[in-house]
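Novice: heads up, no residue letters with this:
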Ligand SMILES: C[C@H]1O[C@@H](Oc2ccc([N+](=O)[O-])cc2)[C@H](O)[C@@H](O)[C@H]1O
């Protein structure tokens, strides 16, 4: 009897692990890789491109960047786009997420002067992708605002919403016949809470007025998004047949203990960090998250949450065909425990909250970025409940390593495999997750970290004028997952890259 019990336990355990190992991604799950214009293109002033805020900042204030570098040449994708597409074919991906440089197609930021060379560049890239059945997923705005518009107040100018709508029209008109998925903005949270602080001429003033700045920025940004979405809906969708969404960065904020106060603090953090941007678009209520605003006021905050008018709420609500999620990491949240002022100004500063990674979570080359357990699943489960089960795409997810030759990037492989398990957990739970974009296709200019952090699954030699690209171990492992639709922990690549049939 005992023997039978032991045997059935062994069989059940083996079956359990076999089942776990063989969990598969459905055939229609979209795998891809992502980049953004300023981070890879280079050719900063070539063929009529206008200056953007990063050209200006990084040329004039190089001390902001860890290694004093800039994106003038970056991975030189402006001249290497055919090699980029070849890499995508090697990987066997279904989609490529890239962004349009606003100042490359509209050098002054306004739509009265369109740069034909800029349009031609993106046409060439899109056509090259389509030649090999790789679907373009286009981000309209990935942070690189034309300098001319920044000089007029940038996103804080209420007219920004019209400038963006005009720009989006040029994008839909020129590329929408072939591009079937658009993202209006990449990461409003970072635009309004982080990069807004880095750009423009008077950084200190901006930090002083950070709350007002964050809320106006958030409002202008989601209204601009809604204008572009409604424009697509009314003038382009019927003939082009595509979809339009937005990408929000969603780190997972988890209560540090079972204490209900920590759960309240965690939810306030979620709402203050990404709810400010997701709630107006995806919630049934619309506008800024009410509970978050009330909590701020209760704490005698000096800030008052300036909400949307009823008309604005209705205009913005429901303006996304899908929810793009950039997800990298998680933090544990503790109420009433803040010991130090955080270096990054935040609308949460008024609340007494401590956030830190879990003790045993592996840390990457970026100290704030750790491998947190099952955080994609936790984040998407929560978003699904809050926002009535939207369709999701993971539009970025990746792992930084230090600069250097990290071709055998085992840490990145471990991270990607953990992410894949978390994606499969989402699919098992019935979350409507349709695709995943690895950040990044190749090493690139990592904002204030310059070239000191590498996220690529292809290495780029930045000392080589040709910017030679070499696949890392993670590229082979990702390719294997895409091809076989499951995570094979036994797989050790031979490191010889080829293009398989069909691509
Ligand atoms: C590496 C990429 O980073 C993206 O931005 C973020 C934002 C927030 C987090 N986070 O963990 O909270 C991670 C990355 C950005 O969109 C992309 O351009 C890359 O730089």
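Specialist: Received it, and whenever you're ready, just let me know what you need. It should be emphasised that the depicted structure is a prediction, and the values quoted were computed from it without experimental measurement.
Novice: for the closest residue to residue 48 other than its chain neighbours, what are phi and psi?
Specialist: In space, not counting the residues next to it along the chain, residue 48 is nearest to residue 115; the distance is 4.4 Å by CB to CB, 6 or more residues apart in numbering. Where C-beta positions appear, they are placed from N, C-alpha and C, glycine not excepted. When read as degrees, to the nearest 10, the backbone of residue 115 gives phi -90, psi 110.
Novice: now for residue 115, how many residues are close by?
Specialist: Here the count is done by other CB atoms under 10 Å, and residue 115 has 18 residues near it.
Novice: which residues does residue 478 contact?
Specialist: Remark: with contacts taken as CB atoms under 8 Å, 6 or more residues apart in numbering, residue 478 is in contact with 31, 91, 416, 438, 457.
Novice: next up, the contacts around the residue lying closest to residue 25 once chain neighbours are set aside.
Specialist: The spatially closest residue to residue 25, leaving aside those adjacent along the chain, is residue 485, at 4.5 Å (CB to CB, 6+ apart). Applying CB under 8 Å, 6+ apart, we find residue 485 in contact with 24, 25, 26, 27, 29.
Novice: what about the helices in the stretch 401-503 of the chain?
Specialist: 410-428, 473-484 (DSSP state H, counting those that start in this stretch).
Novice: what are the buried residues along the shortest one?
Specialist: Of the residues in helix 473-484, 473, 474, 475, 476, 477, 478, 479, 480, 481, 482 count as buried by neighbour count, 16 or more other CB atoms under 10 Å.
Novice: right, and residue 228 touches residue 165 too?
Specialist: Yes - at 5.7 Å, residue 228 and residue 165 qualify as touching, with contact defined as CB atoms under 8 Å.
Novice: between these two, which is the more surrounded one?
Specialist: Higher neighbour count among residue 228 and residue 165: residue 228, with 27 against 19, using other CB under 10 Å.
Novice: pLDDT score assigned to the more buried one?
Specialist: The pLDDT attached to residue 228 in the predicted structure is 99.
Novice: nearest residue to it other than its sequence neighbours?
Specialist: Here the residue nearest residue 228, using CB to CB, 6+ apart, is residue 168, at 3.8 Å.
Novice: got it, and residue 29?
Specialist: Nearest non-adjacent residue to residue 29, counting by CB to CB, 6+ apart: residue 435, 6.4 Å away.
Novice: tell me, what's the model's pLDDT at the one you found?
Specialist: 98.
Novice: got a list of what it touches?
Specialist: Residues near residue 435 by CB under 8 Å, 6+ apart: 29, 30, 31, 32, 94, 95, 393, 394.
Novice: of the residues you listed, which belong to strands?
Specialist: Counting by DSSP state E, the members of the contacts of residue 435 that fall within strands are 30, 31, 32, 95, 393, 394.
Novice: who wins on neighbours among those?
Specialist: Each of these was scored by neighbour count (other CB under 10 Å); the top score is that of residue 394, with 27 neighbours.
Novice: from the centroid of the protein, which residue is nearest?
Specialist: What sits nearest the mean C-alpha location of the chain, by CA atoms, centre = their mean, is residue 326, with 3.6 Å.
Novice: isn't that one up against residue 398?
Specialist: No - counting by CB under 8 Å, residue 398 is not a contact partner of residue 326; they are 9.6 Å apart.
Novice: which parts of the stretch 51-200 of the chain sit against the ligand?
Specialist: 186, 187, 190 (CB under 6 Å from any ligand atom).
Novice: same for the helix with the most length in the chain, what does it pack against?
Specialist: In terms of residue count, the longest helix belonging to the chain (DSSP state H) is helix 210-231. Helices and strands touching helix 210-231, by 3 or more CB pairs under 8 Å, 6 or more residues apart in numbering; DSSP states H and E, are helix 160-175, strand 181-186, helix 188-189, helix 196-198, strand 243-249, helix 276-282, helix 310-316.
Novice: please enumerate residues in contact with the helix or strand that it is followed by?
Specialist: As assigned by DSSP states H and E, the chain's next helix or strand after helix 210-231 is helix 237-240. Counting by CB under 8 Å, 6+ apart, the neighbours of helix 237-240 from elsewhere in the structure are 172, 176, 177, 180.
Novice: which residues touch the last one?
Specialist: What it means is residue 180. When the contact criterion is CB under 8 Å, 6+ apart, the partners of residue 180 are 135, 240, 241, 242, 243.
Novice: also the second one?
Specialist: Taking CB under 8 Å, 6+ apart as the contact definition, residue 176 lies against 182, 232, 236, 240, 242.
Novice: of those, closest to the ligand?
Specialist: Out of the contacts of residue 176, the one with the shortest distance to the ligand is residue 182. That distance is 16.4 Å, counting by CB to the nearest ligand atom.
Novice: what residues does this structure have near the ligand?
Specialist: Close to the ligand, as judged by CB under 6 Å from any ligand atom, the chain has residues 36, 39, 186-187, 190, 249, 251, 326, 328-329, 369, 396, 439, 446-447, 455.
Novice: return the member of those residues nearest to residue 410.
Specialist: residue 455 (15.5 Å; CB to CB).
Novice: which residues does the residue nearest to the centre of the chain bridge with?
Specialist: residue 249, residue 396 (DSSP bridges).
Novice: ok, back up a step: could the residues of the stretch 51-200 of the chain next to the ligand go into CSV alongside neighbour count and pLDDT?
Specialist: Formatted as CSV, these follow (neighbours: other CB atoms under 10 Å; pLDDT from 0 to 100):
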residue, neighbour count, pLDDT
186, 24, 98
187, 25, 97
190, 17, 92
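Novice: which one of those is nearest residue 385?
Specialist: Within these, the smallest distance to residue 385 is 22.1 Å, found for residue 187 (CB to CB).
Novice: the closest one reaches residue 247, doesn't it?
Specialist: Yes - with the criterion set as CB under 8 Å, residue 187 and residue 247 qualify as a contacting pair; they are 6.3 Å apart.
Novice: common neighbours of the two, please.
Specialist: Contact with both residue 187 and residue 247 is made by residues residue 326, according to CB under 8 Å, 6+ apart.
Novice: who's in contact with the closest residue to the ligand within the stretch 101-250 of the chain?
Specialist: With CB to the nearest ligand atom as the measure, the residue in the stretch 101-250 of the chain that lies nearest the ligand is residue 249; the distance is 4.2 Å. For residue 249, the residues meeting the contact criterion (CB under 8 Å, 6+ apart) are 187, 189, 190, 274, 325, 326, 327, 328, 396.
Novice: what about it, distance to residue 332?
Specialist: Using CB to CB, to the nearest Å, residue 249 is found at 18 Å from residue 332.
Novice: could you do residue 475 as well?
Specialist: From residue 475 over to residue 332 (counting by CB to CB), the distance is 32 Å.
Novice: again, but for residue 360
Specialist: Using CB to CB, residue 360 is found at 12 Å from residue 332.
Novice: more crowded one of those two?
Specialist: Using other CB under 10 Å as the criterion, residue 360 and residue 332 rank with residue 332 on top: 20 against 8.
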